[in-house]
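Novice: give me a model of this one.
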Amino acid sequence: MSILILPLAGFTIFNFFYGKNEAEYDFFSRIRLAFVQMLLAGGLLVYVSTESLSYFNSLNYPSIAVFWGLITLVFGYFNFKKKYWVLSYHDFKKAGQILTQKEQILFYLIGFVYLLPLLFLAVYAPPNNTDSVNYHLARVVFWLQNQNVEHFPTVYIQQLYHNVFSEYILLHIMALNGWKDYFVNLVQWLAMLGSVFSLGLLGKLFGFRTRVQLLLSILQLTLPIGILESTTTQNDYIANFLFLAFLYFGLRLIRITNPDSTKSAASVTAVKIPTDLSIFWLALALALGGFNKYTVFLFGFPICVWIGIELLKNHPFKYSLRVFFVALGMLVLVFTPFFKRNYDLFGNVLSSTKGTPLFTEEVATERFCIGCVASVSLKNLTAHLALPIQSYNDQIDKVVATVHRWLDVPLNGPDLNVDAYFSRFVIQEDMSHNPWHFILIFVGAIWLLFQKKHRDFKLLLLCAITGFVLFSALIKYQIYNTRVIMPFFSMGFLWTGLMMSQLDKKWQNAIIGTFLLAGLPYVYTNYNKNVLPLRQVSKYILGYIPPFLCIKDTNEAIYKHTFKKVYDFNKGMPCFPLKVSLTYWQRLELIKQLKELGYYKTEEQSFLEKTREENYFTEMYELGLYEELKQISSQLNPDTKGVGVLFANVLGFYREWLLIKNQLNRPIPMQYILYQEHCKETPNATRPFIYDYILLDHTELIEKYLDKSQIEETISTQHYLLVKLKKPATQQYTYISREEVEKYETRK
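Specialist: Now for the predicted structure:
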C-alpha cells in the first residue's frame, strides 16, 4: 500500500498550484496549468531525491517512502494554511457554463472510449516491448539492487548511457510497490494527459476559443503513436510533454499573442504570470526534457532562438541575461552527475565513441551534405504516409528511390541509415506512424504560407521545420523515428488549429468525429496489448500481406518450402523480404496459407486470454520462452542467494528476473557475470555479488568460462541453461573475445 504515497503527494502538489492560480485563471485553465505544474514539480522532486539518495547509497524503499511522506506533509501544510481547496461546487458550476451540452457529452465520450480504456491497459497490461525489457526496466532493477544510479557491469551498454529521467520515475514507483511493475506504464499515460493539457493551454495562449482548444487537445489525444506509447514504459511521450511545457512557458514569457484571432490581444494578455516563475518553469521543462531525451534539445533549439530574439527586442539586456543564466544553471544542475558518470567510464559525456571498447551503436549521421539531409528528411516524412495497402506503399517506395537517384545519395547507405527504408503500416508501440495527422498538419502548413497575417504561427512553423531538419541532419534514419518526432506533430496542431478556427462548426465537428474514430484501432488493436482481435479481419479485407516474413525458428523449414517463390529466404534471419508483386486474390490466398500455419495466432487472440506473465512475451510468444523460464525458475531453491547471468545474446534480462521473482515471491539479485573488461571500471563492479545459480543461453559458454568441478547440476531447455553451483560464488568473467561469443547469439 506504500504506492499510495505517490498519488497522495501528487494530489497535494496539484492542490497547491490549483489554489495558487485561483485569482488569475478560469476553471479549465486552472485545472490544466496546475496539472502541468504538478508534473514538472514532481519531476524535479524525483530528480533531486534520486541523485541525493544515490550519493549516499540509500536509493531504497524506506528512504523513498520517507521522502514522499515528507513532501506530502509539506504541501499539505501549505494547502491547509492557505486554505486551498480543490474543485469546489462553485468551480463545477462555472465549468458547466463554459461548455455547451454537446461539448460536455463529448468530454464524457472521450473519457469512456479513450482515457479509461488506456488507463486500464496502462495498469493491467504488462510492459512488454523490446526497449522496456532490454533497458528501461532492466536498469531500474540494477539501480534498486545497487541502491544507487552509478554505472554497473552489463553487456547491454545502452542501459548505462541512454538518458535516464523517465527511469528515475519508474524506480520510485517500483520501490514503493514492492518491486512490482503494475503502475509503471502510468508515467506515460500521465505524460499523455500533460501533453493534451499543455496543447490546450497553448491554444488559449494563442487566443483560440474553447472549442478550438478542445479540438487541439483531441488531435493530440488521437495521435496514433501517442495512443500506443501512453500504455508503455518508453519515454517519448514524457519527452513530448516536457517539450510542450517548455514551449508554453517560453511563449508565455515573451507574451506571445495572436492579434489575428477572434479575441483581442488585450484579452489574451490580461492574464499575468510572474515572469520569474515562468523563467523557472521554462528552464526546468527544458532541462528535464533533454535529460529524458536529447531530441528535445533539437526541437527546442529554434524555440530558444525565437525566445531569445523576442527578449532582446522587448526587454532590457539584463533581463535576457537572467533568463539565459537561469536556463543554463538548470541544465548544469541536472546534467552534471549523469555526465560525470559517463565521462568517468567512456571518456565522453554522452556515450562510448566509435573505436572504443564499449562502443555499441552509431545513431548520429556520419555524412553531411544537403542531399544527405534531404534524404533522411524525406524518409522521416514519407514513413508517415504508409497505409495497409501494399501496392500503394510500393509506389511510395518507388518515388522515394527515384528522388534518391536524383539526389545521388544511397537510399540505404550505412552513413545515413540504421534500418533499411521501406513503407510499412504498423499498429505497434515501437514504430507506428501518423498518416492522418501528418496530412492534416501538412495541409495546414500550406494554408498558413498563403496567409498574409499570423506572424507568430509562421514563426512557429519555421521553428518546427528547423527542428525537424536538425533532427534529420544529425540522426540517422530508423524505423523508430516516427515516435521520436512527436514534438513536430504537436507544434503542427497549433497552426492546424488556426486553419480550423476559420471553419464552420459543422466542419469542426466532422474533423473531431473523424479523428476520434480513426484513433480507435490504436486503442483496441495494439499488437502488444490487443484488446479486440480485429487485426486479422482487416488484413484479410485489405489483402495486406507481411512485406517481411518474420518466422519462428521451429517452423523455418515449413515456411521456406511453402513460400520460397514469394519471399527471399537468402537474406537471413529473422525476417525475409517479399520478392514478388501479387494480385489482390493471390494475396488473399497467401494470407489463408499463413493463417493455416498459425502465423497470425497471436493477432487472433486478445491479450486478456493470457495471464499477465504470458503477456510479457507477446513479441516472441511462439518461441516458448515463457514455458522454458517457468520450468527454469521452478528449479531454484527458495533460499537462493543470487543468479549470475552469462549471456551470449546482448539483451536485458528483465523478463527472466521477473519470472524468477514471481516464482520465489521475492526479488532475487541478478547480475551479469560476463562482460567487457572495461566494465570493471564501473563503480558497482566492486560491489560483492553472491550467486549460487548461473543462467546461460548457450551450452558452449559453459565450456569457455565455467569450472565444471564447481557445477552440481545443469538444467537445459531449448534457449536456456540453469547451472546450480556446489557452493555460492562471487567470480566475475570478462570476454575472452567478444567476437568469439557473438557466434553463439540467437536473438540479434
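Novice: which residues of the stretch 1-150 of the chain score low on pLDDT?
Specialist: By pLDDT under 70, the weakly predicted segments of the stretch 1-150 of the chain are 22-24, 87-97.
Novice: can you pull out the helices in it?
Specialist: Using DSSP state H, counting those that start in this stretch, the helices found in the stretch 1-150 of the chain span residues 5-20, 27-55, 61-82, 89-98, 101-110, 116-124, 130-131, 137-146.
Novice: which residues does the shortest one contact?
Specialist: The list of residues contacting helix 130-131 from outside it, by C-beta atoms under 8 Å, 6 or more residues apart in numbering, reads 234, 430, 619. All C-beta spots, glycine's among them, are computed from the backbone N, C-alpha and C.
Novice: in a markdown table: the helices of the stretch 1-150 of the chain, plus mean neighbour count and distance to Arg367.
Specialist: Compiled in a markdown table, the helices of the stretch 1-150 of the chain are given as follows (neighbours: other C-beta atoms under 10 Å; distance: least, C-beta to C-beta, whole Å):
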| stretch | mean neighbour count | distance to Arg367 |
| --- | --- | --- |
| helix 5-20 | 20 | 46 |
| helix 27-55 | 20 | 36 |
| helix 61-82 | 16 | 46 |
| helix 89-98 | 12 | 54 |
| helix 101-110 | 13 | 45 |
| helix 116-124 | 18 | 40 |
| helix 130-131 | 19 | 27 |
| helix 137-146 | 23 | 32 |
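Novice: quick one, which of the ones you listed is nearest to Ile254?
Specialist: With distances scored as C-beta to C-beta, the stretch of the helices of the stretch 1-150 of the chain nearest to Ile254 is helix 27-55 (17.7 Å).
Novice: so the closest one versus helix 5-20, what angle?
Specialist: Between helix 27-55 and helix 5-20, the angle comes out at 130 degrees (axes from the mean of the first three to the mean of the last three C-alpha atoms, to 10 degrees).
Novice: now Ala729: phi and psi?
Specialist: With angles defined as degrees, to the nearest 10, Ala729 shows backbone torsions of phi -130, psi 160.
Novice: who does it bridge with?
Specialist: On DSSP bridges, the residues paired with Ala729 through beta bridges are Tyr691.
Novice: pretty sure it sits against Pro688.
Specialist: No. Assessed by C-beta atoms under 8 Å, Ala729 is found out of contact with Pro688, at 11.2 Å.
Novice: these two: who's more crowded?
Specialist: Neighbours per residue (other C-beta atoms under 10 Å) separate Ala729 from Pro688, with Ala729 holding more: 20 against 5.
Novice: so what pLDDT did that one get?
Specialist: Note on Ala729: pLDDT of 96.
Novice: and the residue lying closest to Tyr600 once chain neighbours are set aside, how many residues sit next to it?
Specialist: Across the structure, with C-beta to C-beta, 6 or more residues apart in numbering as the measure, the residue nearest Tyr600 apart from its sequence neighbours is Gln536 (4.9 Å). Using other C-beta under 10 Å as the criterion, Gln536 is surrounded by 20 other residues.
Novice: who touches Gln536 in this structure?
Specialist: 595, 600, 603-604.
Novice: from the residues you listed, pick the one nearest Val332.
Specialist: Relative to Val332, and with distances defined as C-beta to C-beta, the nearest of the contacts of Gln536 is Glu603, at 48.6 Å.
Novice: what's around that closest one, how many residues?
Specialist: Counted with other C-beta under 10 Å, residues neighbouring Glu603 total 16.
Novice: what do you get for Leu202?
Specialist: Counted with other C-beta under 10 Å, the burial measure for Leu202 works out to 25 neighbours.
Novice: pretty sure it contacts Phe246?
Specialist: No. The criterion here is C-beta under 8 Å, and Leu202 misses it with Phe246 at 11.1 Å.
Novice: quick one: pLDDT of Thr269?
Specialist: With respect to pLDDT, Thr269 scores 37.
Novice: try Lys565
Specialist: Per-residue confidence (pLDDT) for Lys565: 87.
Novice: now that it has come up, it's in contact with Val580, right?
Specialist: Yes. Lys565 sits in contact with Val580 when judged by C-beta under 8 Å, with a separation of 7.1 Å.
Novice: touching, His678 and Phe359? I think so.
Specialist: No. With contact taken as C-beta under 8 Å, His678 and Phe359 are classed as non-touching, separated by 10.2 Å.
Novice: who has more neighbours out of the two?
Specialist: Neighbour comparison, His678 and Phe359: the larger count goes to His678, with 16 against 13 (by other C-beta under 10 Å).
Novice: count the neighbours of the nearest residue in space to the more buried one that is not next to it in sequence for me.
Specialist: For His678, ignoring the flanking residues on the chain, the nearest one in space by C-beta to C-beta, 6+ apart is Pro357 at 4.2 Å. When neighbours are defined as other C-beta under 10 Å, Pro357 has 13 of them.
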